[in-house]
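In: The following block contains a protein sequence and its predicted model.
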Amino acid sequence: MDFSQLDCPQEAFIDFIRAAEHAKVAAPPQNTPEPAPATNFNPHSGSAPHFAPPDYMPDAGLALHNADPAAIRRCLYNNSYFWLNNSQQFWFFPTFIGQNSIAGFRRLNNNWVYMGFGLNMVDYFYCSGR
């Protein structure tokens, strides 16, 4: 594959593909009852959380600037707020953190939407827990 046309480094693209594969959920076997709907997020299910993020925007003064994988790892499977260097800011529920990228669910119009982006795009982030 020719990565020269992509808007991100090859490593970030590969991390994003791995995250997308990680989020895939196998169909249940035939003739088995459907499980009861979850009341909380199961991080092993690969699905979006079943709860809304907090109803406030955190103060950027409380956020961390160092967006390396080790610093961001504590946000995994927790509501987090991200400020990107393209002026976007949003609630995010990370489900995958790679060397150069992060993937998970962004809150958009009262829905969770799966997305990923390079860690080099992160200006600040704030982990709120649930």
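Out: Noted; the coordinates are in hand. All of these numbers come straight from a predicted model, not from anything done at the bench.

In: which other helices and strands contact the helix or strand hosting residue 105?
Out: Using DSSP states H and E, residue 105 maps to strand 101-108. Using 3 or more C-beta pairs under 8 Å, 6 or more residues apart in numbering; DSSP states H and E, the elements in contact with strand 101-108 are helix 10-23, strand 89-97, strand 111-118. C-beta coordinates here come from the backbone N, C-alpha and C atoms, glycine included.

In: and residue 126, how many neighbours does it have?
Out: If you count neighbours by other C-beta atoms under 10 Å, residue 126 ends up with 19.

In: got the contact list for the helix or strand it falls within?
Out: Following DSSP H and E, one finds residue 126 within strand 122-129. The contact list for strand 122-129 (C-beta atoms under 8 Å, 6 or more residues apart in numbering) reads 53-54, 58, 60, 62-65, 67, 72, 74-75, 78-85, 102.

In: Output it in CSV with nothing but the alpha carbons.
Out: C-alpha atoms of strand 122-129 as CSV (Å, rounded to 0.1, in the frame of the first residue of the first chain):
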residue,chain,number,x,y,z
VAL,A,122,-3.4,16.0,20.8
ASP,A,123,-2.8,19.4,22.6
TYR,A,124,-4.3,18.5,25.9
PHE,A,125,-6.4,15.7,27.4
TYR,A,126,-8.3,15.2,30.6
CYS,A,127,-9.4,11.8,32.1
SER,A,128,-12.5,12.1,34.1
GLY,A,129,-13.3,8.4,35.0
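
In: quick one: buried residues of it?
Out: Within strand 122-129, the residues scored as buried using 16 or more other C-beta atoms under 10 Å are 122, 123, 124, 125, 126, 127.

In: Check the spacing between residue 52 and residue 79 real quick.
Out: As judged by C-beta to C-beta, to the nearest Å, residue 52 and residue 79 stand 9 Å apart.

In: How about residue 103?
Out: On the measure of C-beta to C-beta, residue 103 and residue 79 end up 16 Å apart.

In: just to revisit the earlier point, can you pick out the residue with more neighbours from residue 52 and residue 79?
Out: More neighbours surround residue 79 than the other of residue 52 and residue 79, with 22 against 11 (other C-beta under 10 Å).
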